[in-house]
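Q: No letters, just coordinates:
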């Protein structure tokens, strides 16, 4: 054996067979920063809306403002997916962030100078909901462009989301008490401005090629494509994946029977029995569980991610069950930690599966169909929760929620396309920022 062959053999024995690419390069660091600051702002808004708008226009005013926001999102999110695939995910996300700088900035000024008229609150909510509909479909599409480790990236982002949900509401309540609602809206506008800046700075081109060239090519490819054709193509791709549409069908049921009613019913039951402070503590422990679930998803790499996620979701049953049975506070806290961890782990497995089993050219449109189904079910569940309590006791409704959670897990396991879906093969040596089919800009 020659000296060169000997050295080669030694390297083969000592070098790891597959070195995992680094996660925290410039691309992902900028993307993570954009998402983290934006998530903190998002987490502040429900509290700000409830306290600031509720103090002036009451519960019905809060409900209408939030309803306009959600309704606008559901109506437009499919178009957001088409535009993200046609013009590029990053471009749509930056534009949506800048639009929200405007909406939140206008509301900040309005609260600083006095009491905003209700028409202004509603119109800004509609514009903000439209902006989110343009933003969210691209979130999934950007992850494969900024990293070759989508599961690690999704888990890290889920941890950031959980921490934002822990810190954002408390910060919003404190700021409204000390300085007023205008400060919260101004900070929210600032988070969107920083998010837009970070997204714009992400270097997605390979080898330093100008983005204008690639973007122009992408736009030219879509010149003859009608909006209806793009929507139809997204639907065909969505429908062609049995595992995907089957999960969304289950999630629509979850939205109506589980996720939608859980917050209004759970807050009423826990608040009436143990006080509002106890409910706040319970929500915080839900966030703790979400952090733990995200950290677990960073470590585990199951060969069948959706099957592993379905196993985790069985633990979510504990959450509505302990509320329905009137458990003491320690049991409630433990149940919410388990529920948060289960939800976070499933979310990472699901997002990673969608990103790695969908062609980049249609990923944003497919994501839009997924989001539309999930959010519409939850919105219907929230609307029906109140009237349902006039027919059935809230505790019994939450027992139905627990049963629906278990039934959904059984359905996940019973569908072979979901149960047998395997982890996608590594992307190899391809650059995470390199365009594939559709420009991710």
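A: Noted; the coordinates are in hand. From a predicted model like this one, the values you see are computed outputs, not experimental measurements.

Q: Where does pLDDT dip in the stretch 51-200 of the chain?
A: Counting by pLDDT under 70, the stretch 51-200 of the chain shows low-confidence ranges at 59-60, 62-63.

Q: all strands for it, in order.
A: Shown for the stretch 51-200 of the chain, no strands are assigned by DSSP state E, counting those that start in this stretch.

Q: buried sites along the longest helix anywhere in the chain?
A: If you go by DSSP state H, the chain has its longest helix at helix 54-87. Residues of helix 54-87 classed as buried under the neighbour-count rule (16 or more other C-beta atoms under 10 Å) are 57, 61-70, 72-74, 76-87. Every residue, glycine included, has its C-beta placed from N, CA and C.

Q: Tell me which residues touch the spatially closest residue to residue 162 that is not a sequence neighbour, please.
A: Leaving aside its chain neighbours, residue 162 sits nearest to residue 290 (3.5 Å; criterion: C-beta to C-beta, 6 or more residues apart in numbering). Residue 290 makes contacts with 158-159, 161-162, 165, 340-341, 343-344, as judged by C-beta atoms under 8 Å, 6 or more residues apart in numbering.

Q: where's residue 290 relative to residue 172, distance?
A: Distance, residue 290 to residue 172, by C-beta to C-beta, to the nearest Å: 18 Å.

Q: Kindly provide the distance from residue 176 to residue 65.
A: For residue 176 relative to residue 65 (C-beta to C-beta), the value is 16 Å.

Q: Assess the claim that residue 136 and residue 80 are in contact.
A: Yes: using C-beta atoms under 8 Å, residue 136 and residue 80 qualify as a contacting pair, with a distance of 6.9 Å.

Q: List the residues that are in contact with both of the two.
A: residue 368.

Q: Tell me which stretches of the stretch 151-300 of the chain form helices.
A: Using DSSP state H, counting those that start in this stretch, the helices of the stretch 151-300 of the chain run over 181-201, 211-221, 227-240, 242-254, 260-274, 276-299.

Q: How about the fifth one, which residues are buried there?
A: Just to be clear, that refers to helix 260-274. 260-262, 265-267, 269-270, 274.

Q: Same question for the longest one.
A: Along helix 276-299, the positions that meet the burial threshold by neighbour count (16+ other C-beta under 10 Å) are 279, 281-295, 297-298.

Q: Neighbours of residue 392, how many?
A: Neighbours of residue 392 under the rule other C-beta atoms under 10 Å: 11.

Q: Confirm that it lies within a strand, as I assumed.
A: No: secondary structure of residue 392 (DSSP: H, G, I helix; E, B strand; the rest coil): coil, not part of a strand.

Q: Tell me which residues touch the closest residue to residue 274 other than its chain neighbours, please.
A: Excluding its sequence neighbours, the residue lying closest to residue 274 (C-beta to C-beta, 6+ apart) is residue 329, at 6.0 Å. Taking C-beta under 8 Å, 6+ apart, we find residue 329 in contact with 274, 278, 281-282.

Q: Check residue 332 too.
A: Listed by C-beta under 8 Å, 6+ apart, the contact partners of residue 332 are 270, 274, 278, 282, 322-323.

Q: What strand or helix carries it?
A: Applying DSSP states H and E as the criterion places residue 332 in helix 329-356.

Q: Quick one: name whatever helix or strand follows that helix.
A: Following helix 329-356 in sequence order, the next helix or strand is helix 363-388 (DSSP H and E).
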